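J.: The sequence and its predicted three-dimensional model are supplied below.
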Amino acid sequence: MSQINVDTINEKTTGNGVNIPGHVLQVKRFETSEHVTVTTGSSWEDVYTALGSITPVSTDSKILAIANISCYVGGSDGNSRATLRFSRNGTGLDANTGYVGFTGSNPSAPMVNLGMTLLDTPSTTSSVNYGIQVNIGTSGTPGYQFSYDDANGEQISELVLMEIGG
């Protein structure tokens, strides 16, 4: 039985990348305090079209997206819900949605942070933009505000993208 011990691994040719399956190849973090209000119902609307981007080093890589989306619900009566999902290059991805909603009149204006995760296989070495879309289903008059400033400090939404070698 043979054993190899190394202190470092370096690329032989610059720009080829060292891709070890199952290992994290790169991590990027993005945040925004851009205030976005969405009131349209019954269709998917962009909240953030490109909250963050990453350029995979291999077409076999997976991208783990972890988002924390700040949301404020105000000015509604009746029942309301908002479903969130990730988008890749402007196209919605149906997996791993976030959800916020309420029933009854005059909700207590909830402010929430929605945690969302997605394991994606973009199959490219070109830059990939990840964003957030929302679909509001309601019988009231919703006002969903993302990264809302409540005068007590700016609320931020954030996204972490990790490339995992395939």
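T.: Received it, and whenever you're ready, just let me know what you need.

J.: Within the helices and strands, which one has P122?
T.: Here P122, judged by DSSP states H and E, is contained in no helix and no strand.

J.: What about the closest residue in space to it that isn't next to it in sequence, how many residues nearby?
T.: If the residues on either side of it in the chain are set aside, P122 comes closest to V128, at 4.9 Å by C-beta to C-beta, 6 or more residues apart in numbering. In short, each C-beta sits where N, CA and C put it, glycine included. Neighbour count of V128, defined by other C-beta atoms under 10 Å: 21.

J.: could you list every residue that touches the residue lying closest to R85 once chain neighbours are set aside?
T.: Among residues not flanking R85 along the chain, T97 sits closest, at 4.7 Å (C-beta to C-beta, 6+ apart). Contact analysis of T97 by C-beta atoms under 8 Å, 6 or more residues apart in numbering lists T83, L84, R85, M116.

J.: can you pull the pLDDT of T97?
T.: Listed pLDDT for T97 reads 72.

J.: how close does it sit to W44?
T.: 11 Å (C-beta to C-beta, to the nearest Å).

J.: Which residues are in contact with each of these two?
T.: Shared contacts of T97 and W44, defined by C-beta under 8 Å, 6+ apart, are found at R85.

J.: Show me where this structure has its strands.
T.: Ranges of strands within the chain are 24-32, 36-38, 44-54, 62-73, 80-88, 91-92, 98-102, 111-120, 128-138, 144-146, 157-164, based on DSSP state E.

J.: Just give me the lowest mean pLDDT stretch among these.
T.: The bottom spot among the strands of the chain, by mean pLDDT, belongs to strand 98-102, with a mean of 70.

J.: circling back to that earlier point, verify the contact between the residue nearest to P122 and L51 for me.
T.: No. At 11.8 Å, V128 and L51 do not qualify as touching, with contact defined as C-beta atoms under 8 Å.

J.: Give the bridge partners for the residue nearest to P122, please.
T.: Counting by DSSP bridges, V128 is bridged to I54.

J.: just to revisit the earlier point, can you redo the contacts of T97 as a markdown table with neighbour count?
T.: A markdown table is the format used below for these (neighbours: other C-beta atoms under 10 Å):
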| residue | neighbour count |
| --- | --- |
| T83 | 15 |
| L84 | 22 |
| R85 | 19 |
| M116 | 18 |
